[in-house]
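>>> Next comes the sequence, and after it the predicted model I'd like to discuss.
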2 protein chains.
Amino acid sequence: MATVDPSLVAHLPLFAGFSPDEIGEILREARSARFAKNSAVFEQGEEAHSFYVLLHGHVRASKTTPAGEQIVVRYIAPGETFGVAMAIGLRVYPATATAVDDSVVLAWPSLAWPRLVAKFPALATNTLQTVGSRLQETHTRVVEMSTQQVEQRIAHALLRLAKQSGRKVEHGLEIDFPISRQDIAQMTGTTLHTVSRILSGWEQRGLIEGGRQRIVLREPHKLFVLADIVPGENEPPVKP
Amino acid sequence: MATVDPSLVAHLPLFAGFSPDEIGEILREARSARFAKNSAVFEQGEEAHSFYVLLHGHVRASKTTPAGEQIVVRYIAPGETFGVAMAIGLRVYPATATAVDDSVVLAWPSLAWPRLVAKFPALATNTLQTVGSRLQETHTRVVEMSTQQVEQRIAHALLRLAKQSGRKVEHGLEIDFPISRQDIAQMTGTTLHTVSRILSGWEQRGLIEGGRQRIVLREPHKLFVLADIVPGENEPPVKP
DNA sequence: CGTCGATGTTGCGCCAGCGCAAACTTCCTG
DNA sequence: CAGGAAGTTTGCGCTGGCGCAACATCGACG
């Protein structure tokens, strides 16, 4: 049971407004754990025994439909809370969480949640804000899927990933964890093939640089423009 | 300022776990208001001055994209909380709320939220559960939009509306508020025309009965089957 | 009670993106 | 280092559903 210094997590949204002592008290109930690349932190449908904060690495949350299709709910970056099923009234996890890189988490038993919240009500309001922003993001996704073409959705998805987990490299901004075309397809509601075709197109145009489970944005600005283009919007030239 | 009896709202999720006296104290800070059919309770982008509980009627939450397209976020039924922007950390409303029928709401000033939560922490946990289920529902919607055909998505949407606000009538289950084909299109990420074609088809098959801003499900069970059909799933006959 | 605006229906043609299939590349494992 | 698995690319043909357009209906309101 590694002890974590309160100062290392004090800036996380979950602990906003807490004193180091209080954080220490909360941390005392947590254990830290390591998950190897491609191992599952928890599985959809499994009893929600714990909730987590990601300290290091990256985790993919995905949902499987009854028919067996998968979609990617989101990618979790270090500092984010996840697996809060209990807090939102679920007995089981609604999605599967998979480490896409070697990852380190803090884990609390779900049973501790009611007690912690009773003692530290700000945990609830902090979590409410987190879940709220997540709801906003998901609504944005619905809006995009309803109104935009596949190409624009993929552009938005890449820009978001780069913003969340982009790492500056020589030729641009690299997404800092392994991500396949299939993953992108499952994030944007399209198919592996269509993603591949579009990324190939962009690579030829020099917008991005691809590789196996690797994407570097070379021209984020051009992607940005592409993402906002409304296809049917041919501005008629202003001629009197 | 109409006074509302605590017993009338005690069963609402927002007030779960509160005593009548506590509810009374919370209600004292609210005012009730009436909104005529087709009037806006609040508009997207407007300062989030209040949060609400719907007492009577039906409210549609919708979002408008920068490009001017609209999508329907959800329909709010009596008893539901809405407009909790402040609680999830937003200064402005992320969507527009429109009364689709004459409606009555309870409204609290957003400024009262922090004080109420400080005094009654259970408000935060109750709201957390509400926002959590809403997140779940929205994820379901993303999954449907990613994996299902338009016809199935419409079937699901109608069944959900009927479950939430269905009224038993002579010929089946009627959706208890005015809803246009356009609205359904904006809920399912398709177009008015496609919705109209599909509903016409169903009407001919006797599954539903349509009218101007009116839909009656005659055969909910058949719709249910239709909604779960996976088109490409031709079960190979089990012959030894 | 006639007119007008909002809502709903339907035919037609097109195309973005899917499904299938095959080949290629990169990485991992034994 | 060979062999295979996982990931990626690409061609081809098809089609679900969209866009356009014209028309039909319904209700509200003067």
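Good, I have the coordinates.

>>> Could you use CA atoms for every contact and neighbour count after this?
OK.

>>> For chain A, which residues score under the pLDDT cut-off?
A:1-2, A:229-240 (pLDDT under 70).

>>> so how far is A:Leu27 from A:Leu147?
Leu isn't right for residue A:147; it's Thr. Applying C-alpha to C-alpha, to the nearest Å, the value for A:Thr147 to A:Leu27 is 44 Å.

>>> My error: substitute A:Glu209 in the last question.
Distance from A:Glu209 to A:Leu27, by C-alpha to C-alpha: 41 Å.

>>> ok, the residue nearest the centre of chain A to A:Leu161 distance?
By C-alpha atoms, centre = their mean, chain A has its centre lying nearest to A:Tyr75, at 2.4 Å. Separation of A:Tyr75 from A:Leu161 (C-alpha to C-alpha): 8 Å.

>>> and what of A:Glu203?
A:Glu203 is 18 Å from A:Leu161, where distance means C-alpha to C-alpha.

>>> just to revisit the earlier point, which residue sits closest to the residue nearest to the centre of chain A in space, ignoring its chain neighbours?
The shortest distance from A:Tyr75 to any non-neighbouring residue, by C-alpha to C-alpha, 6 or more residues apart in numbering or on different chains, is to A:Arg60 (4.6 Å).

>>> what's across from the one you found in the sheet?
A:Tyr75, A:Thr98 (DSSP bridges).

>>> That one contacts A:Asp101, correct?
No - with contact defined as C-alpha atoms under 8 Å, A:Arg60 does not reach A:Asp101; the gap is 9.6 Å.

>>> Which of the two has more residues huddled nearby?
Comparing A:Arg60 with A:Asp101 by other C-alpha atoms under 10 Å in any protein chain shown, the one with more neighbours is A:Arg60, at 22 against 19.

>>> For that one, give me its contacts.
When contacts are counted by C-alpha atoms under 8 Å, 6 or more residues apart in numbering or on different chains, A:Arg60 touches A:72-76, A:96-100.

>>> Please list only the buried members of the residues you listed.
A:72-76, A:96-100 (16 or more other C-alpha atoms under 10 Å in any protein chain shown).

>>> these two touch, right, A:Ile198 and A:Glu151?
Yes - the criterion here is C-alpha under 8 Å, and A:Ile198 meets it with A:Glu151 at 6.8 Å.

>>> can you give me the strands for chain A?
Under the criterion DSSP state E, chain A contains strands at A:31-35, A:40-42, A:50-56, A:59-64, A:70-76, A:81-82, A:96-99, A:103-109, A:166-169, A:172-175, A:208-211, A:214-217.

>>> Columns distance to B:Ser110 on top of the ones you listed, output as JSON lines?
Below are the strands of chain A laid out as JSON lines (distance: least, C-alpha to C-alpha, whole Å):
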{"stretch": "strand A:31-35", "distance to B:Ser110": "37"}
{"stretch": "strand A:40-42", "distance to B:Ser110": "37"}
{"stretch": "strand A:50-56", "distance to B:Ser110": "30"}
{"stretch": "strand A:59-64", "distance to B:Ser110": "33"}
{"stretch": "strand A:70-76", "distance to B:Ser110": "30"}
{"stretch": "strand A:81-82", "distance to B:Ser110": "26"}
{"stretch": "strand A:96-99", "distance to B:Ser110": "35"}
{"stretch": "strand A:103-109", "distance to B:Ser110": "32"}
{"stretch": "strand A:166-169", "distance to B:Ser110": "36"}
{"stretch": "strand A:172-175", "distance to B:Ser110": "39"}
{"stretch": "strand A:208-211", "distance to B:Ser110": "45"}
{"stretch": "strand A:214-217", "distance to B:Ser110": "41"}
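
>>> So for B:Phe42, which of the ones you listed sits nearest?
strand A:70-76 (29.8 Å; C-alpha to C-alpha).

>>> Mind listing residues that contact the closest one?
Under C-alpha under 8 Å, 6+ apart, the answer for strand A:70-76 is A:54, A:58-64, A:82, A:183, A:186-187, A:189, B:139, B:143, B:146.

>>> can you tell me which of the buried ones among the contacts of A:Arg60 lies nearest to DNA strand D?
Taking C-alpha to the nearest atom of the strand as the measure, DNA strand D lies nearest A:Val100 of these, at 10.2 Å.

>>> Against A:Glu209, how distant is the closest one?
Noted for A:Val100: a distance of 21 Å to A:Glu209, by C-alpha to C-alpha.

>>> One more: A:Glu137?
27 Å.

>>> Looking only at neighbour counts, state which of those two leads.
A:Glu209 (21 against 14).

>>> For A:Ile23, which residues are in contact?
A:6, A:10, A:15.

>>> which of those are buried?
Judged by 16+ other C-alpha under 10 Å, buried ones among the contacts of A:Ile23: A:6, A:10, A:15.

>>> who touches the second one in this structure?
So the one you mean is A:Ala10. Contacts of A:Ala10 (C-alpha under 8 Å, 6+ apart): A:16, A:18, A:20, A:23.

>>> and which of those is nearest chain B?
A:Ala16 (12.9 Å; C-alpha to the nearest C-alpha).

>>> Give the burial count for that closest one, as a bare number.
15.

>>> got it, and the one 5 residues further on?
A:Asp21: 10 surrounding residues under other C-alpha under 10 Å.

>>> Once you drop chain neighbours, what's closest to A:Glu209?
Leaving aside its sequence neighbours, A:Glu209 sits nearest to A:Val216 (C-alpha to C-alpha, 6+ apart; 5.0 Å).

>>> ok, that neighbour to DNA strand D distance?
Distance, A:Val216 to DNA strand D, by C-alpha to the nearest atom of the strand, to the nearest Å: 12 Å.
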